[in-house]
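Asks: dropping the sequence and predicted coords here.
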2 protein chains.
Amino acid sequence: MRILLTNDDGVYAPGLRALLPELRRLGEVVVVAPATEQSAVGHSVTINNPLIVQEVLDEERRPLGWAVEGRPADCVKLALRELLPARPDVIVSGLNAGSNAGINVLYSGTVAAAIEGAFFRVTSIACSLEYSKPTPPDFARGAALARRVVEQLLARRPAAGSLFNVNIPDLERHTPRGVRVVPQNLAAFEESYDRRTDPRGRVYFWSNPEFGCPDPHPDTDVTALAEGWVSVTPLQFNLTHENLLREIGDWNLRL
Amino acid sequence: MRILLTNDDGVYAPGLRALLPELRRLGEVVVVAPATEQSAVGHSVTINNPLIVQEVLDEERRPLGWAVEGRPADCVKLALRELLPARPDVIVSGLNAGSNAGINVLYSGTVAAAIEGAFFRVTSIACSLEYSKPTPPDFARGAALARRVVEQLLARRPAAGSLFNVNIPDLERHTPRGVRVVPQNLAAFEESYDRRTDPRGRVYFWSNPEFGCPDPHPDTDVTALAEGWVSVTPLQFNLTHENLLREIGDWNLRL
């Protein structure tokens, strides 16, 4: 099996490095990942700047893949269109430092890389590990758990282009209870800004690191994680609101 | 009616400036938009940099709103959480220079701003104008057409948080035939890269500007635009693949 491994924390990030030996148990792994951290870049793509690529070696100086000065979605595009000698059987994105559940799925570069893979009709799996700052998470244990889920998903031979979002709960707080298959939580997050003034009198805002989902819907990715389960959510990229589509078809819109 | 106007081409972009007088016919407009162009940034948000904001005046030196050194989604968040004196009744994002149809919906900063508005349960409408480079598009005509659609959508009093994606066809090629309510096209786009080597021997790639959708599904946003219709697609941000969710619920995944 040919596996493309990418992420949004950068090619040298510990989460990707922990997932590498786990995925090598499943097949041949090539890494194409951002040269630098790209958290919260969503489905950005680079159109006005050159995408500089550099070959990267692993710890034993064997070819590992490429670092790309671009976004996670750029990495997947470049890998499939230019860099890989053959189409991968699966794309894995992660292991992200931090969960990607609820509406965070839309902000996430980790998930965007997997969605980009699904555009190419390659089965793609985003893997993320929740953690409580400032404790550094146990990426090795998280990666082993993620690999077990990836392995079982692939063993079922899902249709090409299937897309999955896997989240591992905070391992400092939980011994994972098992796997829950759950939908994406759709409730809004709470977040706030810190307002400041610079020495020149300009106003600026810092996004505060604390954010939460005070009222999650039950039986979703957010609640499963909070209860110590590994969450698996199959995703799709059709944003059409089908019910509203039918409704407004009768609205007789005109110019 | 209180209208928040944003975009991804930047606060001084001609598309936003053309939409402003049109929307002022519908209500009181406040602009909170990126200070600089943010095309193809998707649903990026800024977490590691300060969001510098500056007040902006209109041509008659009346307060227009704020320029934010951030992403389109940051603008909506900051507007609703910090900058606006009251919650807007509707958020309009655009008028974008270039269409946002098919899977481009996921790359688009214009659409991401509208999705962010829907997270806040504010009705949000993304408006984009297709054009054939290098001819500059007729933003004034495009904005008048977009406003007519926005006006009719709001007249129907959609549920708070409703989300619409409106595309105006290329006005150089078409006299718009009317409005089509259509789903998002899901077919992959064709795109390519130009491979080069820098003076230091590093390989880099430019994304080529030509991309197309060679095999679009019939009766979608992509085909409606190509045939000269204004397209309206109601959107949602639930990425859960409901059928696959039911299927893999039986897969007995375990750790």
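Replies: Received the coordinates, thanks.
Asks: secondary structure element for the most centrally placed residue in chain A?
Replies: Residue closest to the average C-alpha location in chain A (Cα atoms, centre = their mean): A:Thr110, at 2.3 Å. If you go by DSSP states H and E, A:Thr110 is part of helix A:109-119.
Asks: on that earlier part again, okay, the residue nearest to the centre of chain A: pLDDT?
Replies: Turning to A:Thr110, the model gives it a pLDDT of 97.
Asks: so for it, what's the nearest residue that isn't a sequence neighbour?
Replies: Leaving aside its sequence neighbours, A:Thr110 sits nearest to A:Asn96 (Cβ to Cβ, 6 or more residues apart in numbering or on different chains; 4.2 Å). C-betas here are computed from N, CA, C, even on glycine.
Asks: cool, A:Glu227 as well?
Replies: Once its chain neighbours are removed from consideration, A:Glu227 has its nearest residue in A:Arg177; the separation is 7.3 Å (Cβ to Cβ, 6+ apart).
Asks: quick one: the strands in the stretch 101-250 of chain A?
Replies: With DSSP state E, counting those that start in this stretch, the ranges of strands along the stretch 101-250 of chain A come out as A:123-129, A:163-168, A:179-181, A:193-197, A:203-207, A:230-235.
Asks: JSON lines for those, including mean pLDDT and distance to chain B?
Replies: What follows is those, written out as JSON lines (pLDDT from 0 to 100; distance: least, Cβ to the nearest Cβ, whole Å):
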{"stretch": "strand A:123-129", "mean pLDDT": "98", "distance to chain B": "11"}
{"stretch": "strand A:163-168", "mean pLDDT": "98", "distance to chain B": "7"}
{"stretch": "strand A:179-181", "mean pLDDT": "98", "distance to chain B": "4"}
{"stretch": "strand A:193-197", "mean pLDDT": "97", "distance to chain B": "6"}
{"stretch": "strand A:203-207", "mean pLDDT": "97", "distance to chain B": "4"}
{"stretch": "strand A:230-235", "mean pLDDT": "98", "distance to chain B": "4"}
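Asks: dump the ones you listed into TSV; add distance to B:Leu26 as well.
Replies: Shown next, in TSV, are the strands of the stretch 101-250 of chain A (distance: least, Cβ to Cβ, whole Å):
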stretch	distance to B:Leu26
strand A:123-129	40
strand A:163-168	39
strand A:179-181	45
strand A:193-197	29
strand A:203-207	29
strand A:230-235	36
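Asks: could you redo the ones you listed as JSON lines and give each row mean neighbour count?
Replies: Below are those laid out as JSON lines (neighbours: other Cβ atoms under 10 Å in any protein chain shown):
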{"stretch": "strand A:123-129", "mean neighbour count": "28"}
{"stretch": "strand A:163-168", "mean neighbour count": "28"}
{"stretch": "strand A:179-181", "mean neighbour count": "22"}
{"stretch": "strand A:193-197", "mean neighbour count": "12"}
{"stretch": "strand A:203-207", "mean neighbour count": "19"}
{"stretch": "strand A:230-235", "mean neighbour count": "26"}
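Asks: what segments of chain A are helices?
Replies: Ranges of helices in chain A, per DSSP state H, are A:14-24, A:72-78, A:104-107, A:109-119, A:139-155, A:221-226, A:242-248.
Asks: could I get the ones you listed as TSV with distance to B:Val32?
Replies: Written out in TSV, the entries for the helices of chain A read as follows (distance: least, Cβ to Cβ, whole Å):
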stretch	distance to B:Val32
helix A:14-24	35
helix A:72-78	26
helix A:104-107	19
helix A:109-119	24
helix A:139-155	38
helix A:221-226	28
helix A:242-248	26
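Asks: nearest to B:Arg71 among those would be which one?
Replies: Taking Cβ to Cβ as the criterion, B:Arg71 comes closest to helix A:104-107 out of the helices of chain A, the separation being 10.1 Å.
Asks: let me see the mean pLDDT of that closest one.
Replies: Mean pLDDT, helix A:104-107: 96.
Asks: buried ones in it, by neighbour count?
Replies: A:Asn104, A:Val105, A:Leu106, A:Tyr107 (16 or more other Cβ atoms under 10 Å in any protein chain shown).
Asks: what about chain B: which of those residues touch it?
Replies: The subset of the buried residues of helix A:104-107 within reach of chain B, by Cβ under 8 Å from any Cβ of the partner chain, is A:Val105, A:Leu106, A:Tyr107.
Asks: of all those residues, which comes closest to A:Pro169?
Replies: When those are ranked by distance to A:Pro169 (Cβ to Cβ), A:Val105 comes first, at 16.4 Å.
Asks: contacting residues around the closest residue to A:Pro176 other than its chain neighbours?
Replies: Leaving out its chain neighbours, the residue that sits closest to A:Pro176 by Cβ to Cβ, 6+ apart is A:Val230, at 5.3 Å. Listed by Cβ atoms under 8 Å, 6 or more residues apart in numbering or on different chains, the contact partners of A:Val230 are A:Leu145, A:Val149, A:Val166, A:Asn167, A:Ile168, A:Pro169, A:Pro176, A:Gly178, A:Val179, A:Arg180, A:Ala224, B:Leu255.
Asks: one more time with 7 Å
Replies: Neighbour list for A:Val230: A:Leu145, A:Val149, A:Val166, A:Asn167, A:Ile168, A:Pro169, A:Pro176, A:Val179, B:Leu255 [criterion: Cβ atoms under 7 Å, 6 or more residues apart in numbering or on different chains].
Asks: cool, A:Ala143 as well?
Replies: For A:Ala143, the residues meeting the contact criterion (Cβ under 7 Å, 6+ apart) are A:Ala18, A:Leu19, A:Glu22, A:Leu95.
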